[in-house]
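Peer 1: generate coordinates for the sequence data below:
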Amino acid sequence: MASSVNSGVEYTELHCISNFTFLRGASHPEELIQRAEQLGYRGLALTDECSLAGVVRAHSAAEEHGLKLIIGSEFRLGQGFDAVVLATDRDSYAVLCRLITQGRRAANKGDYELSPEDLATVVMGSNCQVLWLAARDAGKNCATWFTERFRGQVWLAAELHASGDDRAALAHWQKLGRYCGMPLVATGNVHMHCRQRRPLQDTLTAIRHRLPIDRAGFLLHPNGERYLRSRQRLAQIYPAQLLQASMEIAERTGFSLRELRYEYPHELVPPRETPTSYLRQLTQAGMDWRWPEGAPAKVRGLVEYELKLIGELQYESYFLTVHDIVKFARRQKILCQGRGSAANSAVCFCLGITEVDPGRMELLVGRFISKERNEP
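Peer 2: Next comes the predicted model:
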């Protein structure tokens, strides 16, 4: 272990869960980002368990505080195969989303189910970085399994929490890493942004196990070390090369949520039509259906105004997609009804999405769609 304090050490936390890992994490994503910036971290990976639910809040906070955000997820597969998967680019973000979706769809709501081979099948060969969350008594079989499947993209996560056997655990992991050629990296398995959240974290653990706190015993963590520790403290705990490894992994990740945009199915638009012309065509057909003897002038004016606004904001594909979903639902006799501010749209009424007649009601179109909001 490091014997001296190095206040200039650089570090990126690569294993951190928030309160979006229900009944485990005790801090909001924004709190974790803000605290990491205060401590001088170069970055932080939000790795909620089989979930990306907190990344939008983390992204906004990271932009506000000028901290690099890495997007990842933790997977508790059992039998020594627990791992964290980090996205490095847009393609690997898609891989991560695919893995989460597969796990969630295989289990009841609120749970997930993945095998080690599921992890390997989806992630192997991608640009994802894999952190093996090795147990303190991890064996060579698991180490070999990870090395064979993720060579060049896997690291052994060394997580030390003042448990009394940290020195022995680190020596074991280093030996294991040398045996299978797997580099080690320092990670924190962070559950809270500051130590003062430990009572809350204990309470969450007790609730998760449906026990009073005084009966939770060894189900609780033995201390409050699973927080964002200072870089000076980390330099006392970890060898410098393990802290530097966190920076090497961070440098491989360049993905940001800003790379994502809305993508709608192109096949909804017939040949020789554009989204604009096809939406107008469907809306006109809807007016003929709603008013066989001709739509009132008031309605025609509203429709023209909305179609012009939709065109300026380039939302045609959004309306075509919702129309297709509603059409399918009606065909399958699935109850389907537009709600909320969409009821203020004459175009939605013509498309059969809503049932509020613009000829009989005064609509507030601006509640539903406006240039000022500029987001679909």
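Peer 1: how much space between Arg367 and Ala240?
Peer 2: According to Cβ to Cβ, to the nearest Å, Arg367 and Ala240 sit 58 Å apart. All C-beta spots, glycine's among them, are computed from the backbone N, C-alpha and C.
Peer 1: do you know the pLDDT at Met247?
Peer 2: As predicted, Met247 sits at a pLDDT of 98.
Peer 1: how close does it sit to Leu114?
Peer 2: According to Cβ to Cβ, Met247 stands 29 Å off from Leu114.
Peer 1: ditto for Ala83
Peer 2: 10 Å.
Peer 1: list the residues that contact both of those two?
Peer 2: Here Ala83 and Leu114 have Phe75, Leu77 as joint contacts, going by Cβ atoms under 8 Å, 6 or more residues apart in numbering.
Peer 1: Ile17: how many residues sit nearby?
Peer 2: Around Ile17 there are 27 other residues, counting by other Cβ atoms under 10 Å.
Peer 1: disregarding residues adjacent in the polypeptide, which is nearest to it?
Peer 2: Distances taken as Cβ to Cβ, 6 or more residues apart in numbering put Gly25 closest to Ile17, at 4.2 Å, once the chain neighbours are dropped.
Peer 1: got the contact list for stretch 140-151?
Peer 2: Counting by Cβ under 8 Å, 6+ apart, residues outside stretch 140-151 touching it are 80-81, 83, 116, 120, 123-124, 130, 132, 134, 154, 156, 176-177, 179-182.
Peer 1: list buried residues within these.
Peer 2: Members of these that pass the buried threshold by neighbour count (16 or more other Cβ atoms under 10 Å) are listed as 80-81, 83, 116, 120, 123-124, 130, 132, 134, 154, 156, 176-177, 180, 182.
Peer 1: tell me where the model's unsure across this protein.
Peer 2: 1-7, 374, 376 (pLDDT under 70).
Peer 1: so which strand or helix has the residue in the chain sticking out farthest from the centre?
Peer 2: Largest separation from the mean C-alpha position in the chain: Glu293, at 50.9 Å (Cα atoms, centre = their mean). When elements are defined using DSSP states H and E, Glu293 is found to belong to no helix and no strand.
Peer 1: got a list of what it touches?
Peer 2: Contacts were defined as Cβ under 8 Å, 6+ apart; by that measure Glu293 touches no other residue.
Peer 1: then Asp82?
Peer 2: By Cβ under 8 Å, 6+ apart, the contact list for Asp82 reads Glu74, Phe75, Arg76, Trp132, Leu133.
Peer 1: from Ala169, how far off is it?
Peer 2: Asp82 sits 15 Å away from Ala169 when distances are taken as Cβ to Cβ.
Peer 1: same check, this time on Arg226
Peer 2: Counting by Cβ to Cβ, the gap from Arg226 to Ala169 is 15 Å.
Peer 1: who has more neighbours, these two?
Peer 2: Between Arg226 and Ala169, counting by other Cβ under 10 Å, Arg226 is the more crowded of the two (24 against 20).
Peer 1: what's the closest non-adjacent residue to that one?
Peer 2: Nearest non-adjacent residue to Arg226, counting by Cβ to Cβ, 6+ apart: His191, 4.3 Å away.
Peer 1: now for the residue nearest the centre of the chain: which residues touch it?
Peer 2: Against the mean C-alpha coordinate of the chain, by Cα atoms, centre = their mean, the closest residue is Leu52 at 1.8 Å. For Leu52, the contacting residues are Ile71, Ser73, Leu96, Cys97, Ile100, taking Cβ under 8 Å, 6+ apart as the criterion.
Peer 1: in helices only, show me these.
Peer 2: The helices, defined by DSSP state H, take in Leu96, Cys97, Ile100 from the contacts of Leu52.
Peer 1: of these, buried ones?
Peer 2: By the neighbour-count criterion of 16+ other Cβ under 10 Å, the ones in helices among the contacts of Leu52 include these buried positions: Leu96, Ile100.
Peer 1: so which of the ones in helices among the contacts of Leu52 comes closest to Phe328?
Peer 2: Among the ones in helices among the contacts of Leu52, Cys97 lies closest to Phe328 (Cβ to Cβ), at 23.6 Å.
Peer 1: next, Pro275: phi, psi?
Peer 2: Here the main-chain torsion angles of Pro275 (degrees, to the nearest 10) amount to phi -50, psi -40.
Peer 1: ok, it to Lys327 distance?
Peer 2: Taking Cβ to Cβ, one finds Pro275 at 16 Å from Lys327.
Peer 1: now do His28
Peer 2: From His28 over to Lys327 the distance is 40 Å, taken as Cβ to Cβ.
Peer 1: and if you look at Gln34?
Peer 2: Counting by Cβ to Cβ - Gln34 and Lys327 are separated by 46 Å.
Peer 1: secondary structure element holding Leu44?
Peer 2: strand 43-46.
Peer 1: dump that strand to CSV, restricted to CA.
Peer 2: What follows is the C-alpha trace of strand 43-46 in CSV, where atoms were taken according to Å, rounded to 0.1, in the frame of the first residue of the first chain:
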residue,chain,number,x,y,z
GLY,A,43,-14.4,12.2,-13.3
LEU,A,44,-17.0,9.9,-11.9
ALA,A,45,-18.8,6.9,-13.4
LEU,A,46,-22.4,6.5,-12.4
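Peer 1: next helix or strand past it?
Peer 2: Past strand 43-46, heading to the C-terminal end, the next element that is a helix or strand (DSSP H and E) is helix 55-65.
Peer 1: returning to that earlier point: looking at the contacts of stretch 140-151, which are in strands?
Peer 2: With strands defined by DSSP state E, the entries of those inside them are Ala83, Val130, Trp132, Val154, Leu156.
Peer 1: so who does the third one touch?
Peer 2: Counting by Cβ under 8 Å, 6+ apart, Trp132 makes contact with Asp82, Ala83, Cys142, Ala143, Phe146, Val154, Trp155, Leu156, Ala157, Met182.
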